[in-house]
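>>> Structure, please.
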Amino acid sequence: MRIKLEQLPQHLKNHAAPLYTLFGNEPLLILEAADLIRNHAREHGFTERALFSVDQHFDWSELLNAGNNQSLFADRKIIDIRIPSGKPGKEGGKAIDGYCRALPPDTLTLVTLPRIDKQGQAAKWFKALDEAGVMIPVYAIERDQLPAWIEQRLARQQQKADSASLQFIADQVEGNLLAAHQEIQKLALLYPNGALTFDQIKNVVLNVARYDVFQLSDAMMAADTARYVRVLTGLQGEGVAPLLILATLAEQIRQLIAIRTGLDHGQPPAQLLQSARIWGDRQKIALAAARRIGIPSLTQGLAQAALIDRMIKGVAQGDVWDALLQLGLRFTLPSSAAPVSMITPTRSAATL
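As a prediction, this is how the structure comes out:
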């Protein structure tokens, strides 16, 4: 049985299950959900707890023994299983499958996992967890959802802010939800209940954003110039290798070339997106970008990427970070304001 994260509080009130599995890539939300489950269990007499952190040396017989051995002084137990890698291995998979088939009595089992891909979710042990208890996927808060999430968090502490202030906080904490939580708590400590001014927020909230290269390529596709500059600056500050950034942007340009070529030949958009291996919310911005940007501009961008590749390798002269900025601006600025091409298309673009 699967439920949404926001359904968990009501679910616990109605009927607690003997097994819960949390999986996803947002540590703060997983931590809060796990705390909610554990606190609910303690309130209902689960006074003993056994914690197992699984690594490559973990002895799975310890889990089975914990389920079978009940304390003389506590008739209910929480078994907390954490698998940071999301890969229990062959032995672990068998142990989990067997454990789920015969859940120990008077026990609440909580399993926490990272994000599990489709192949991992098809594994027998993962299906056993899904069938034996309640499974809760924990999704990251997307950028466009972040202001609303911050507004809800402020409301919990009887505070509020206008839309511009909420967007300012979102820009400062993007990609780092734990830091966002801490900054919001800081506002509660420093200011009374009620409306917060922009100056109050600006004086407190630090720039704790954490970016990745996919956010950069998304900003490029969405023609969001300000975000592209902000994310690129953040990646540079975090010491991300320019070659990794370039490889991601170049692959994105290749995908757009393939999609635009297919669109020009009348192929179905859904088929093109699937062939380009673009999924979820990224499909909409990728399709819009492919329709907006012509093949010549995309080809020139790929040639520009080839030159940056030579810069990184020391074969060509130039400032790599400025060149990465210019590459993004080529696709985010209006055509009339786009930067002059660094080079014209050559055969080198095909070899990047």
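>>> From now on I want contacts and neighbour counts done on CA atoms only, so please keep to that.
OK.
>>> other SSEs contacting the lengthiest helix in the chain?
When the chain is parsed with DSSP state H, its longest helix is helix 242-264. Where contact means 3 or more CA pairs under 8 Å, 6 or more residues apart in numbering; DSSP states H and E, helix 242-264 is packed against helix 213-221, helix 269-275, helix 282-292, helix 295-312, helix 320-332.
>>> Send me the last one as PDB with only the CA atoms.
Spelled out, it's helix 320-332. Output of helix 320-332 as PDB, limited to C-alpha atoms (Å, rounded to 0.1, in the frame of the first residue of the first chain):
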ATOM      1  CA  VAL A 320      36.400  28.600 -18.900                       C
ATOM      2  CA  TRP A 321      33.800  29.900 -16.500                       C
ATOM      3  CA  ASP A 322      33.100  33.000 -18.700                       C
ATOM      4  CA  ALA A 323      32.800  30.700 -21.700                       C
ATOM      5  CA  LEU A 324      30.200  28.500 -19.800                       C
ATOM      6  CA  LEU A 325      28.300  31.700 -19.000                       C
ATOM      7  CA  GLN A 326      28.300  32.700 -22.600                       C
ATOM      8  CA  LEU A 327      27.100  29.300 -23.700                       C
ATOM      9  CA  GLY A 328      24.100  29.500 -21.400                       C
ATOM     10  CA  LEU A 329      23.300  33.100 -22.400                       C
ATOM     11  CA  ARG A 330      23.200  32.000 -26.000                       C
ATOM     12  CA  PHE A 331      20.000  30.100 -25.300                       C
ATOM     13  CA  THR A 332      18.500  32.100 -22.400                       C
END
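>>> any idea how far the closest residue to residue 219 other than its chain neighbours lies from residue 292?
Distances taken as CA to CA, 6 or more residues apart in numbering put residue 228 closest to residue 219, at 5.2 Å, once the chain neighbours are dropped. Between residue 228 and residue 292 the distance is 17 Å, computed by CA to CA, to the nearest Å.
>>> So these two - more neighbours on which side?
Per other CA atoms under 10 Å, whichever of residue 228 and residue 292 has more neighbours is residue 228, with 23 against 13.
>>> Work out for me the element that one sits within.
helix 225-237 (DSSP states H and E).
>>> re earlier: I'd like the helices and strands packed on helix 242-264 laid out as JSON lines, including distance to residue 117 and mean pLDDT.
Formatted as JSON lines, the helices and strands packed on helix 242-264 follow (distance: least, CA to CA, whole Å; pLDDT from 0 to 100):
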{"stretch": "helix 213-221", "distance to residue 117": "17", "mean pLDDT": "92"}
{"stretch": "helix 269-275", "distance to residue 117": "17", "mean pLDDT": "91"}
{"stretch": "helix 282-292", "distance to residue 117": "17", "mean pLDDT": "92"}
{"stretch": "helix 295-312", "distance to residue 117": "30", "mean pLDDT": "94"}
{"stretch": "helix 320-332", "distance to residue 117": "30", "mean pLDDT": "94"}
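>>> closest one to residue 254 among the ones you listed?
Proximity to residue 254, assessed across these by CA to CA, is greatest for helix 295-312 (7.6 Å).
>>> how big is the angle separating the closest one from helix 320-332?
Calculated by axes from the mean of the first three to the mean of the last three CA atoms, to 10 degrees, helix 295-312 forms an angle of 170 degrees with helix 320-332.
>>> Would you mind pulling up the elements that helix 295-312 packs against?
On a contact count with 3+ CA pairs under 8 Å, 6+ apart, helix 295-312 meets helix 242-264, helix 320-332, helix 348-351.
>>> Format the ones you listed as a markdown table; extra columns: mean neighbour count.
Output for the helices and strands packed on helix 295-312, formatted as a markdown table (neighbours: other CA atoms under 10 Å):
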| stretch | mean neighbour count |
| --- | --- |
| helix 242-264 | 19 |
| helix 320-332 | 20 |
| helix 348-351 | 14 |
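>>> Just put the helices and strands packed on helix 242-264 in JSON lines and tack on distance to residue 118.
Shown next, in JSON lines, are the helices and strands packed on helix 242-264 (distance: least, CA to CA, whole Å):
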{"stretch": "helix 213-221", "distance to residue 118": "20"}
{"stretch": "helix 269-275", "distance to residue 118": "15"}
{"stretch": "helix 282-292", "distance to residue 118": "18"}
{"stretch": "helix 295-312", "distance to residue 118": "31"}
{"stretch": "helix 320-332", "distance to residue 118": "32"}
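>>> out of those, nearest to residue 139?
Residue 139 sits nearest to helix 282-292 of all these, at 15.2 Å, using CA to CA.
>>> okay, the angle between that closest one and helix 242-264?
Using the same axes, to 10 degrees, helix 282-292 lies at 70 degrees relative to helix 242-264.
>>> which of the residues in helix 282-292 are buried?
283, 285, 286, 287, 289, 290, 291 (16 or more other CA atoms under 10 Å).
>>> dump the residue contacts of residue 221.
Residues counted as contacts of residue 221 (CA atoms under 8 Å, 6 or more residues apart in numbering) are 285, 286, 288, 289, 331, 332.
>>> Provide a list of residues in contact with the last one.
Which is residue 332. Residue 332 neighbours (CA under 8 Å, 6+ apart): 219, 220, 221, 222, 223, 224, 225.
>>> which one among the residues you listed gets closest to residue 310?
Out of the contacts of residue 332, the member with the shortest distance to residue 310 (by CA to CA) is residue 220, at 21.7 Å.
>>> Contact partners for the closest one?
Contacts of residue 220 (CA under 8 Å, 6+ apart): 228, 328, 329, 331, 332.
>>> May I see those organised as CSV, with distance to residue 253 added?
Formatted as CSV, the entries for the contacts of residue 220 read as follows, by distance: CA to CA, whole Å:
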residue, distance to residue 253
228, 15
328, 11
329, 13
331, 10
332, 13
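>>> No more questions from me, cheers.
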